[in-house]
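Chemist: Predicted model, plus sequence, below.
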Amino acid sequence: MSRLILIGLMVTFVYALQPVKSEPAKLIRGDEEINAPHYPSGPGLSPGDSVGWTKYDYQRNGQTAWQVWYDGASDPGIHVDFMRAHEAQPWPDRCCAYNFWQGGSWFGDADVTPGYSGYVALAVKPSNNAGVCAYHHQASGDLYRCWVSVDEGQGYYNFTYHKVLPQEQTEQIIWPRLAIDDQGNFHIVNHSYDYERIYYTRSTDDGQTWSDKELLYEESQANQYRNLAGGVFADRFNSPGKVIRYWPEWTGEGTGGHAQHSQDVCYQISTDYGVTWGSRVNLTQYQPSDTMRAFCHIKAIFDKNGDPHIVFPVCYFRNGTAYYRSWIIHWSPSTGFTVVTGPHSMSNPTGGWRLPCDFAQIAVDKDNGNLYLVYVLNRDSDMSAGGYPNGELMALASTDGGATWTSNAAGDTGVNLTKTPTPGGAPGECCDDDYPSMHPYTITFNGEKCVVISYVEDKDAGGLPQGEGTETDNPYRVLIVPCDSILIGVEEQNAGVPKSTGLIGIYPNPTRGQARIEFAMKKEALVKINVLDITGRVVDRLVNRVIGAGYHTAYFKSKVPAGIYFVHMETEGYSDTRNLILVR
């Protein structure tokens, strides 16, 4: 990583940090015995549609796969899958559950596998918008291996099962990450359970046959639990044929849990649908003198120009020791390394495979190239009764290709999408919003640009298979978030309920390109705030959604020419316009 970034971040290191647990997080296949009581949960409190529920709170070792997808058909649908168990441990009914939304309704979650399964991924075929689920499963008399279930059509719920790498008869290769390109080829990156190996394979016939496994990376078996998060992404729209596969590689530093937090980030790109691949690139190339190391939560996409964008968490690392102090980092060829958010620190343990900020997800607007990032923020101020953090989903955006990141919220933490703090929450009462996945492209929903996110609302924080927390009934949710609530959006102020509704003021005015538009709402209502030029043309739509009672701030950030503009607010029983003077 650039020494400039490291120097800039090192100056924030002013107090003692807590090292991560030396005991490595367990590599979980799913059939391990776990002893924990069960607590039934009350109604969910986190936002979004509940598309099912599960007693098995864990969704992934390492980074999540894509688990939610908007198909963009003429009659569009949203596909989602998740690891579900309704029966108490040892969870004999654990499976890959699939749900489908169309026309305002969810059709219902259903097991789409041949039997006990888990650690799921999702993609959608371009030819007929049929859902494809990947997971691992052990059939009678067979190895544990990856499988795919392929639906007959969009939302048909008529799935056909296929083994991945059926020619493999000796090595258990599981934990799939799945992508489908615009020609319908299936791409999977997966990981050996028997050895520290990451593999790639592809299918050109809907998963019926697969290319022989291709080794991407191998670590000594003596160094267990290092790498569990290889991934793959295929560009469906902007650069047909481009596929990126990515994975972590151990730097050789640290032992136990510290080694798990000491990774380089590597990738390869294909421009011919995975037939051939470019050279392996070690993106980070950490040196012993560097004070950061990557963690295995890596995600990558392509932008509207076909350039890769890779996001991942890093932690503070010195002398073979990793600490609970982390950042989210973005990289692209045009920007190099940039800090999205951080540093975030904790004195309490974050749990196995976790950092104060992690699970970064990224999406791109295919029209204007804006980038959106969602991540999990863990804090000392919001710990469960059992001593594990209740995560919140945070979001930021970039309008310059990832060079800078911002949101309407103060600082660089981002907009809090879930806002469900439950400090001291007992089992069944926590709102630990965790294991997010995000559709890689913005969508237009009810006339607004939005991002689509899925996540689990864990009702007792901590990863149960890691021996953390207790068994609860946990909703799995899909949340649709308007982009303008992240990029420009509305910041809520804690100053009581105003006596009247209306614009309060514009600050500063005149402005050189950025201004705060403060307004008050006496009661909840639909609010529209637009910026218009002198001809009456809308140059920026700041707000177009329901806003609650209270004092609020919208943000104008634009590169329009200098001149006189007008801020117009309209809501129930109120309409007003104010001048805005822009100077350069």
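Modeler: Yes, it's here. Numbers count the residues shown, from 1 in each chain.

Chemist: what about Pro465, which SS state?
Modeler: Of the three states, Pro465 takes helix under DSSP: H, G, I helix; E, B strand; the rest coil.

Chemist: for the most centrally placed residue in the chain, what are its contacts?
Modeler: With distances taken as CA atoms, centre = their mean, the chain has Gln361 as the residue nearest its mean C-alpha position (3.0 Å). Gln361 makes contacts with 64, 299, 311, 373-375, 436-438, 453, as judged by CB atoms under 8 Å, 6 or more residues apart in numbering. Bear in mind the C-beta positions are built from the backbone N, C-alpha and C, glycine included.

Chemist: Report the lowest-confidence entry in those.
Modeler: When these are compared by pLDDT, Thr64 scores lowest at 84.

Chemist: could you list every residue that touches that residue?
Modeler: If you count contacts by CB under 8 Å, 6+ apart, then Thr64 has 359, 361, 435-437 around it.

Chemist: and if we set it to 7 Å?
Modeler: Contacts of Thr64 were listed using CB atoms under 7 Å, 6 or more residues apart in numbering, and they are 359, 435-437.

Chemist: Asn368 now?
Modeler: Here Asn368 is in contact with no residues (criterion: CB under 7 Å, 6+ apart).

Chemist: now do the one 10 residues further on
Modeler: Remark: with contacts taken as CB under 7 Å, 6+ apart, Asn378 is in contact with 346, 350, 354, 356, 389, 391.

Chemist: from these, which is closest to Thr413?
Modeler: The shortest approach to Thr413 among the contacts of Asn378 belongs to Pro356, at 11.1 Å (CB to CB).

Chemist: before we move on, back to that, could you dump the contacts of Thr64 to TSV with neighbour count, secondary structure and distance to Ile581?
Modeler: Formatted as TSV, the entries for the contacts of Thr64 read as follows, by neighbours: other CB atoms under 10 Å; DSSP: H, G, I helix; E, B strand; the rest coil; distance: CB to CB, whole Å:
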residue	neighbour count	secondary structure	distance to Ile581
Phe359	29	strand	43
Tyr435	23	strand	47
Pro436	25	strand	41
Ser437	29	strand	44
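
Chemist: Output those residues in TSV, with distance to Gly414 appended to each entry.
Modeler: Rendered in TSV, the data for the contacts of Thr64 read as follows (distance: CB to CB, whole Å):
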residue	distance to Gly414
Phe359	13
Tyr435	18
Pro436	13
Ser437	17
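
Chemist: and which of these is nearest to Pro333?
Modeler: Minimum distance to Pro333 across those is 24.3 Å, recorded for Phe359 (CB to CB).

Chemist: From Ile443, how far out is the closest one?
Modeler: 21 Å (CB to CB, to the nearest Å).

Chemist: cool, and Leu580?
Modeler: Here the criterion is CB to CB. By it, Leu580 lies 30 Å from Ile443.

Chemist: got the residue ranges for the helices in the stretch 401-550 of the chain?
Modeler: Read by DSSP state H, counting those that start in this stretch, the stretch 401-550 of the chain holds these helices, from start to end of the chain: 484-487.

Chemist: how about the strands in it?
Modeler: Shown for the stretch 401-550 of the chain, the strands assigned by DSSP state E, counting those that start in this stretch span residues 415-416, 432-438, 443-445, 448-458, 471-472, 474-482, 490-493, 502-507, 514-521, 525-532, 538-547, 550-557.

Chemist: one step back: go through the contacts of Asn378 and name the one nearest Glu168.
Modeler: Nearest to Glu168 out of the contacts of Asn378 is Arg354 (CB to CB; 31.6 Å).

Chemist: Would you list the phi and psi of that closest one?
Modeler: Main-chain dihedrals, Arg354, degrees, to the nearest 10: phi -130, psi 160.

Chemist: ok, it - contacts?
Modeler: Asn378.

Chemist: export the strands of the stretch 401-550 of the chain to JSON lines and tack on distance to Tyr119?
Modeler: As requested, those are exported to JSON lines (distance: least, CB to CB, whole Å):
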{"stretch": "strand 415-416", "distance to Tyr119": "29"}
{"stretch": "strand 432-438", "distance to Tyr119": "11"}
{"stretch": "strand 443-445", "distance to Tyr119": "26"}
{"stretch": "strand 448-458", "distance to Tyr119": "13"}
{"stretch": "strand 471-472", "distance to Tyr119": "18"}
{"stretch": "strand 474-482", "distance to Tyr119": "14"}
{"stretch": "strand 490-493", "distance to Tyr119": "38"}
{"stretch": "strand 502-507", "distance to Tyr119": "50"}
{"stretch": "strand 514-521", "distance to Tyr119": "44"}
{"stretch": "strand 525-532", "distance to Tyr119": "42"}
{"stretch": "strand 538-547", "distance to Tyr119": "36"}
{"stretch": "strand 550-557", "distance to Tyr119": "40"}
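
Chemist: quick one: which of those is nearest Gln268?
Modeler: Closest to Gln268 of those is strand 432-438 (CB to CB; 22.7 Å).

Chemist: got the angle between that closest one and strand 448-458?
Modeler: With axes from the mean of the first three to the mean of the last three CA atoms, to 10 degrees as the basis, strand 432-438 and strand 448-458 are set at 140 degrees to each other.
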